[in-house]
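Coordinates for the following, if possible.
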Amino acid sequence: MAIDRKYRLIAGLIGGVAVAALVAHVLGRLGNAGMAAVLWRSGGYFTILTNTLAAGTFLTIAISGRRLPFGWMSMLTLSMIMVALVYHILLAHLFNPHGLRWWVDQAFHTVLPASVLWFWLMEVTRIDPRGGRPLVWVMWPACYGAYALLRGAVTGWYPYPFLNVGSIGWNDVALNLAGITLVFVVLAYGMNYFGQRMPLRDLDIR
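Below you'll find the model as predicted:
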């Protein structure tokens, strides 16, 4: 189904900001390591991977002019909300970025999550068919959690303190993951409930 031109332009803007933030993130770290090393390390972060998904998703919408499935957009929105929540609640106090890194940090953890949620509220929730399988939306973060732990076991490096088995042990990591998973599931069901009850709007292209 075609998307309203206004939202197509907004999708392009969101996708463009995400690409700009990703490029700035990589370029800002090239002074300390080569491109391959920067990309490899960046690929260990849920924030970077999820913002990359957001960039691809919104550029696809902008270029194709077509809507993506409600389930996919809800999964992405849920993950972006968690990027913001986990960072601002658990991680922000650990960092003090300056200059370009501060702007990139704000883009990844505040501007883009808020923009994706706004798009979901204004456009995605007002289409049919709506409703989905909230537990399926949690598959992406669940797969990331398994990937991060496996990668950490092989390399000895964990991207986040609450996943650092070497520092806090498996018991605490398991408790942290259980708590984060519970938040994901509650938010997923809340989004599904809310999304099904948003009013439909005129779907004609303007």
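
Could you report the neighbour count for W137?
Residues within reach of W137, counting by other Cβ atoms under 10 Å, total 25. Heads up, the C-betas are built off the backbone N, CA and C, glycines and all.

Now it: closest residue in space, sequence neighbours ignored.
Sequence neighbours aside, M75 is the residue nearest to W137 in space, at 4.0 Å (criterion: Cβ to Cβ, 6 or more residues apart in numbering).

Next: A21.
Counting by Cβ to Cβ, 6+ apart, the nearest residue to A21 once its immediate chain neighbours are dropped is A107, at 3.9 Å.

what's around the residue nearest to F46 when sequence neighbours are not counted, how many residues?
Nearest residue to F46 in three dimensions, chain neighbours excluded: Y144, at 5.2 Å (Cβ to Cβ, 6+ apart). The tally of other residues near Y144 (other Cβ under 10 Å) stands at 17.

Ok, the one 3 residues further on next?
The local packing count at Y147 equals 14, with neighbours defined by other Cβ under 10 Å.

what's the helix or strand for it?
Element membership of Y147, judged by DSSP states H and E, is helix 139-155.

ditto for A36
Element membership for A36, per DSSP H and E: helix 35-42.

residues of the following helix or strand past that helix that come out buried?
Following helix 35-42 in sequence order, the next helix or strand is helix 46-64 (DSSP H and E). Neighbour-count burial for helix 46-64 flags 46-51, 53-55, 57-59, 61-62 (criterion: 16 or more other Cβ atoms under 10 Å).

Since that was my last question, I'll sign off now.
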